[in-house]
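please find the sequence and the predicted model below.
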Amino acid sequence: MKKPQKHDDPRCSAGRTIMTYLLGERSEKTWRIWIILMLLICVSIALAMEHYQSVKEHNEQITQQMQSIASRVTAMGYNLITQNMEGAAIQPFISKTARGEELPDNPQALAAMTTVASVTQSSIVYLLNNEGTVVACTPYGDNKTLTGKNYAFRPYFTKVVDSGKPSLYMALGVTTNKRGIYVSVPVNDGNGIVGVLISKQSLSGIDHELTSHAFPAALVSPEGVIFASSNSEWLFKTVFPMSETQRQAIVKTKQFANEELKPLGFDFSKADVTINRNKYRIQSLPVLDGQLKIIGLFTPPTFRVAIFGEYLSVAWLFLFISSFSFRFYYRLRQSVEHGKDLNEQLQKEITEHKQAEQELLETNDRLKEAIARANDMAVQAEMANAAKSEFLANMSHEI
């Protein structure tokens, strides 16, 4: 019984034809090696391009999200709050209260400060005299007040007194034990600074902004202390390298009250950090005139199969066309070189043929000359024989 004949798949035949054109008459092993090599090159190119595009788009997304947070924090109007505070600080009854010419917590001063607190949405507004003692304060909590307490050690007081300019300072309230951003402006009666007017802003808006995003984020002081965060467990932890001298200097100002300022365990001054086996890329952006930093933690970009597939297809097509073109050019060059060889061989054969023909002509000429000489010699020999015969005949007759 005859075995059925095997017929090659047309696609395989087409593939073999193409590979034969690209590689010439090579073994099937060579074809496989060449295909694997091209595939590896294409995969490498596709991986590199996918990584480049993913990182680029990821960075653009990170920048957009960080700028969104920064703009929202800036939009909370700390500059506007400062302007409202400065407007209240120039009132004569405020400077008189600071100089002690009006009673502490006098109705006129409290009314003006309560209006400022309402307009600026401050949790508390209070006035310090030039010794740092509170002489007027809007009530907070259960009608509590800071009047009579001294905050001369606070930088929001010393900075304004020393510079004569408004100051922005974040701290944990020593008395209230609540976080806040302190906006302080000088009270100047025309002869010099007689006090400092201070507004404490709640961080509820910033807390809401930080927790509204999917990635971990924090508001950090220049020294690296977390003051607001999407993770409440990070509060008052340090995330920058800090010496004991720096730590003690911060403790002395009571900026963060009695918090120990322990290290979080992660250094946010680096480009990357690993938390709970998850790697994050750190991005920071200054806010509030560079006095604070917003820090965001972002996971690396994920591998996208669709983009990889697109680049793989493009790379494969490019290499295939390049190989096809190279092979076509190579074969064309081979044909040209082969034509040159054939032409040279033909010219050589023509030259040899002409040389042989010339030699044949020369041989024929020499042969003709030899025949002519032979004929001459034959004639001469015949004439000699005839003369000899005549001589012998004459001799015979005479005898």
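Arrived safely, thanks for sending. Here the structure is a predicted model, which is why all the values come from computation and not from measurement.

what are the boundaries of the strands in this structure?
124-129, 134-137, 167-172, 179-188, 193-201, 217-220, 226-229, 272-275, 278-287, 292-298 (DSSP state E).

centre of the chain to the first one, how far?
I take that to be strand 124-129. 49 Å (Cα atoms, centre = their mean, to the nearest Å).

so what strands line up beside it?
strand 134-137 (antiparallel), strand 193-201 (antiparallel) (DSSP bridges).

give me the contacts around the first one.
Pointing back at strand 134-137 there. 97-98, 100, 104-106, 109-110, 113, 124-129, 145-151, 195 (Cβ atoms under 8 Å, 6 or more residues apart in numbering). Placement of C-beta: from N, CA and C, glycine included.

pull out the buried members of those residues.
Buried by 16 or more other Cβ atoms under 10 Å: 97-98, 104-105, 109-110, 113, 124-129, 145-147, 151, 195, out of those.

before we move on, back to that, make JSON lines out of the strands paired with strand 124-129 and add mean pLDDT and distance to residue 396.
As requested, these are exported to JSON lines (pLDDT from 0 to 100; distance: least, Cβ to Cβ, whole Å):
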{"stretch": "strand 134-137", "mean pLDDT": "96", "distance to residue 396": "185"}
{"stretch": "strand 193-201", "mean pLDDT": "94", "distance to residue 396": "171"}
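
possible to save those as TSV with distance to residue 68?
Listed next are the strands paired with strand 124-129 as TSV, based on distance: least, Cβ to Cβ, whole Å:
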stretch	distance to residue 68
strand 134-137	36
strand 193-201	20
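
which one, of these, ends up nearest to residue 350?
strand 193-201 (103.6 Å; Cβ to Cβ).

tell me the angle that closest one makes with strand 179-188.
160 degrees (axes from the mean of the first three to the mean of the last three Cα atoms, to 10 degrees).

quick one: distance of the helix ranked longest in the chain to the chain centre.
Under DSSP state H, the helix in the chain containing the largest number of residues is helix 305-398. Distance of helix 305-398 from the chain centroid (Cα atoms, centre = their mean) equals 71 Å.

oh, and call the first residue 13 from now on, that's how I've got it
New numbering, starting at 13: the last item is helix 317-410.

neighbours of the residue nearest to residue 131 when sequence neighbours are not counted, just the number please.
Excluding the flanking residues, the one nearest residue 131 by Cβ to Cβ, 6 or more residues apart in numbering is residue 96, at 5.6 Å. Residue 96: 20 surrounding residues under other Cβ atoms under 10 Å.

just the pLDDT for residue 96.
Looking at residue 96, its pLDDT is 89.

contacts for stretch 216-231?
Taking Cβ under 8 Å, 6+ apart as the rule, stretch 216-231 contacts 77, 81, 84-85, 88, 182, 215, 238-243, 246, 251, 280, 292, 299, 304-311.

now a ChimeraX select for only the buried ones of those.
For the buried members of the contacts of stretch 216-231, the matching ChimeraX selection, counting by 16+ other Cβ under 10 Å, is:
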select :77,81,84,85,88,182,215,238,239,240,241,242,243,246,251,280,292,299,304,305,306,307,308,309,310
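
residues touching residue 57, list them.
Taking Cβ under 8 Å, 6+ apart as the test, what residue 57 contacts is 323, 324, 327.

contacting residues for the residue nearest to residue 131?
By Cβ under 8 Å, 6+ apart, the residues touching residue 96 are 128, 131, 132.

and if we set it to 10 Å?
89, 127, 128, 129, 131, 132, 134, 137, 195, 197, 211 (Cβ atoms under 10 Å, 6 or more residues apart in numbering).

mind listing the helices for the stretch 63-212 of the chain?
90-101, 104-111, 119-132, 167-175 (DSSP state H, counting those that start in this stretch).
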